[in-house]
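Chemist: Everything below, folded, please.
(2 chains)
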Amino acid sequence: MNTRYDRHMKLKGWGVQAQEQLRTAHAVVVGAGGLGSAVLPYLASAGVGKITVVDYDRVSLSNLQRQVLYAEEDVSRLKAEVAAEKLSALNSEIELVGISKPFESHTAENIVGGCDLVIDCTDNFRTRYLINDACVRTDVPFIFGALYTYSGQMAVCNYQGSATYRCLFKEPPTDAVIPNCAEIGVFSPLVALIGSLMAAEALKVLAGLESVQTDRLFTYDLLTHQQHALAFKADVNAIARIKNLNRIEPIALNDCDWNDQTLYLSDLDTLKDPLFIDVRDLKEAPLVEHALVVKRSSDQLLQSEEELLNGKQPLVLFCATGKRARRSALKIERENVYYLKEEIEDFIHYLNQMKHD
Amino acid sequence: MEYRLNFYGPFEELFGAHRTIQLEEGIHFSELREKLEEAFKGLDAYPYTLAQDGVMKSDEEELSTSAIEVFPPFSGG
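Modeler: Model (predicted):
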């Protein structure tokens, strides 16, 4: 064994066997955003033999404040692809697989089945519950981490019969009542803290160490440094219900910001004569003035725009980040309605380039 | 008796970090949920877990006299 892993090998309780176990391990990381950026380099540098990165999203400028795996030159590129490239550069001895597709109910069990550990670095409940259910059904342990402004949560689940996420929070919220980072912000050092805790537990699981912390929800508040280790128990009924389903049930919650209506800038050239609709408040800056852009608030669009709503021209709704546009697009019952999941500054840059072409 | 309530995450913003509530001694956590959702409008829209003394409690368990912790799930990542 080479010297790359020397500082781990010297640790009491680690040794050749643990390192060899890491070399033959396969971890699936779902979400390559803030938490993923913090977790992934530790897995790769420690020598986890195969890492699969699942993320449909692309790098945007607002990601760079906390998603330290990416650089300015990566903006607009697929995160799973960029992550795989950067981690290969960090450790060429391991295998990296990037999956640039959403984690969906019909593919979930295929993706996680047979791996040694899933690490849930997602930013929405729909995917979080899917990961729970897929891992329970395939007997794969998983570690989840989640953030809320200055506070974070982390737990190891489904490890050697331990409790699962549904043992803590039985069902997802009925609607997206708890906002994600794009809506309420997130303190960047928090992703490093919670991501490090997740990476520590992940390496312990994969290396076969005995000190894996199961059946506890760890919470940390970076404003006050208050922390909790909340003990919780496996709910055998909740686990059995998921195991006994014929197939994974889709999660009836639309807080994942990807669906068939999602467009990125790179998708726009595939549309024929699109009309762009600015659904931000009327005076919201920066103003976007272009022949292909009209300004309609979400309510206006629904109430009085029969011409727009009855036509077949592709409508692309946009706002500052894509969040409000997504909500508006979901309400419109018409074909060819999309929303732009991009920062408005990037869209303005795109429009300016169109003017010059 | 008067119980201290500790709210976290979005609950802290909605209801304040620390509140109190008058409850009969020895009630079960299922009843506590009903009382909380009556007293704190909007709480029922969220999933949450209840704990005392650092241990998550199930609906059929009885309250002790310790402070009650109310934890919501987070979704950011």
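
Chemist: Which parts of chain B are helices?
Modeler: B:10-15, B:29-39 (DSSP state H).

Chemist: and the lengthiest helix in chain A, which residues are buried?
Modeler: Taking DSSP H as the criterion, chain A has its longest helix at helix A:188-207. Residues of helix A:188-207 classed as buried by neighbour count (16 or more other Cβ atoms under 10 Å in any protein chain shown): A:190-191, A:193-195, A:197-207. Bear in mind the C-beta positions are built from the backbone N, C-alpha and C, glycine included.

Chemist: helices and strands of the chain: which one bottoms out on pLDDT?
Modeler: In the absence of a named chain, chain A is used. Least confident helix or strand of chain A, by mean pLDDT, DSSP states H and E, is helix A:298-304 with a mean of 66.

Chemist: other chain: chain B
Modeler: Taking mean pLDDT, DSSP H and E as the measure, the helix or strand of chain B with the lowest value is helix B:10-15, at a mean of 92.

Chemist: tell me which strands and helices the helix or strand hosting residue A:127 is in contact with?
Modeler: Residue A:127 is part of helix A:125-138 when elements are defined by DSSP states H and E. Helix A:125-138 is packed against helix A:108-112, strand A:117-120, strand A:142-148, helix A:165-168, helix A:236-243, with contacts defined by 3 or more Cβ pairs under 8 Å, 6 or more residues apart in numbering or on different chains; DSSP states H and E.

Chemist: want to try TSV for these, with mean neighbour count, mean pLDDT and distance to residue B:51 as columns?
Modeler: Putting the helices and strands packed on helix A:125-138 into TSV (neighbours: other Cβ atoms under 10 Å in any protein chain shown; pLDDT from 0 to 100; distance: least, Cβ to Cβ, whole Å) gives the following:
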stretch	mean neighbour count	mean pLDDT	distance to residue B:51
helix A:108-112	19	96	29
strand A:117-120	28	98	22
strand A:142-148	29	97	17
helix A:165-168	24	96	10
helix A:236-243	14	94	17
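
Chemist: Which one, of those, ends up nearest to chain B?
Modeler: strand A:142-148 (3.7 Å; Cβ to the nearest Cβ).

Chemist: and that closest one with chain B, contact?
Modeler: Yes. Between strand A:142-148 and chain B, judged by Cβ under 8 Å from any Cβ of the partner chain, the touching residues are A:145-148.

Chemist: From the chain's centre, how far out is the least confident helix or strand of chain B? Work that out for me.
Modeler: 12 Å (Cα atoms, centre = their mean, to the nearest Å).

Chemist: what does stretch A:91-104 give?
Modeler: Relative to the centre of its chain, stretch A:91-104 is centred 14 Å away, using Cα atoms, centre = their mean.

Chemist: Give me the average confidence score over it.
Modeler: Across stretch A:91-104, the average pLDDT comes to 95.

Chemist: any idea which residue sits dead centre in chain B?
Modeler: Centroid-nearest residue in chain B, with Cα atoms, centre = their mean: residue B:70, separated by 3.9 Å.

Chemist: That residue reaches residue B:5, doesn't it?
Modeler: Yes. With contact defined as Cβ atoms under 8 Å, residue B:70 and residue B:5 form a contacting pair (6.3 Å).

Chemist: show me where the stretch 201-350 of chain A has helices.
Modeler: Along the stretch 201-350 of chain A, counting by DSSP state H, counting those that start in this stretch, helices occupy A:236-243, A:298-304, A:306-310, A:323-331, A:344-356.

Chemist: could I get those helices as TSV with distance to chain B?
Modeler: What follows is these, written out as TSV (distance: least, Cβ to the nearest Cβ, whole Å):
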stretch	distance to chain B
helix A:236-243	11
helix A:298-304	21
helix A:306-310	30
helix A:323-331	13
helix A:344-356	21
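
Chemist: will you turn the helices of chain B into JSON lines that also has mean neighbour count and distance to residue A:341?
Modeler: Below are those laid out as JSON lines (neighbours: other Cβ atoms under 10 Å in any protein chain shown; distance: least, Cβ to Cβ, whole Å):
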{"stretch": "helix B:10-15", "mean neighbour count": "17", "distance to residue A:341": "24"}
{"stretch": "helix B:29-39", "mean neighbour count": "16", "distance to residue A:341": "35"}
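
Chemist: Please convert these to CSV, extending it with distance to chain A.
Modeler: Formatted as CSV, these follow (distance: least, Cβ to the nearest Cβ, whole Å):
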stretch, distance to chain A
helix B:10-15, 6
helix B:29-39, 12
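
Chemist: interface residues of chain B facing chain A?
Modeler: By the rule Cβ under 8 Å from any Cβ, the part of chain B lying against chain A is B:8-10, B:45-49, B:51, B:54-56, B:58, B:69, B:71-77.

Chemist: Let me see the ranges of the helices in the stretch 1-150 of chain A.
Modeler: All helices of the stretch 1-150 of chain A, identified by DSSP H, counting those that start in this stretch, fall at A:6-9, A:15-23, A:34-46, A:79-90, A:108-112, A:125-138.

Chemist: among these, which is nearest residue A:233?
Modeler: Of all the helices of the stretch 1-150 of chain A, it is helix A:125-138 that lies closest to residue A:233, at 15.4 Å by Cβ to Cβ.
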